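K.L.:
Prediction below, plus the sequence it came from.
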Amino acid sequence: MKKTGLFVIAGVAVVTLLGLVFIAATFEAPEGGTTTVVLAPPVQPTVTESNTPARGTSPSNNSILPEIRIQPQTEPAVAAASDPIVEPPPV
């Protein structure tokens with residue numbers, strides 16, 4: 001019974017290997033170079049700004065997320081310049 005399972009696994013492996021060899025043998029690389037089509041970006045309609053209040057016109061103001069303000073960063077503390085203490089090796 002154990003040999004039957006082993007033979008089935010080996011048979012599947014051999015069939016898979018032969019299938020890959022067949023695909024590799026019949027594969028034809030595309031002839032010529034590849035063509036890349038670059039589409040022009042869509043034309044954006046020009047929006048004239050009106051004298052409406054600035055609040056609510058920005059997408060970030062319409063967000064449910066809180067407004068984040070970046071705080072100024074202080075310079076990191078610099079380590080004190082001191083001579084290293086060198087101890088003699090233990091005997």
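P.N.:
That came through, no problem.

K.L.:
Quick check: Val12 vs Lys2, distance?
P.N.:
16 Å (CB to CB, to the nearest Å). Heads up, the C-betas are built off the backbone N, CA and C, glycines and all.

K.L.:
quick one: which of those two has more around it?
P.N.:
Val12 (10 against 6; other CB atoms under 10 Å).

K.L.:
three-state assignment of that one?
P.N.:
When classified by DSSP: H, G, I helix; E, B strand; the rest coil, Val12 comes out as helix.

K.L.:
Return the distance of it relative to Thr26.
P.N.:
Between Val12 and Thr26 the computed distance is 21 Å (CB to CB).

K.L.:
try Ala79
P.N.:
From Ala79 across to Thr26, the span is 68 Å (CB to CB).

K.L.:
quick one: low-confidence ranges for the protein?
P.N.:
The chain contains residues with pLDDT under 70 at 1, 47-61, 80.

K.L.:
what ranges do the helices span in it?
P.N.:
Using DSSP state H, the helices assigned to the chain run over residues 2-26.

K.L.:
Ala29 and Thr46, how far apart?
P.N.:
For Ala29, the distance to Thr46 (CB to CB) stands at 48 Å.

K.L.:
Repeat that for Lys2.
P.N.:
78 Å.

K.L.:
same thing with Gly5?
P.N.:
Going from Gly5 to Thr46 by CB to CB gives 72 Å.

K.L.:
Between those two, which is the more surrounded one?
P.N.:
More crowded of Gly5 and Thr46, by other CB under 10 Å: Gly5, with 9 against 5.

K.L.:
Quick check: that one vs Gly11, distance?
P.N.:
Gly5 sits at a distance of 11 Å from Gly11 (criterion: CB to CB).

K.L.:
do the same with Thr36
P.N.:
Thr36 sits 44 Å away from Gly11, going by CB to CB.

K.L.:
Likewise for Ala40?
P.N.:
Computed as CB to CB, the Ala40 to Gly11 distance reads 56 Å.

K.L.:
which of these two has more neighbours?
P.N.:
Each of Ala40 and Gly11 has its neighbours counted (other CB under 10 Å); Gly11 has more, 10 against 5.
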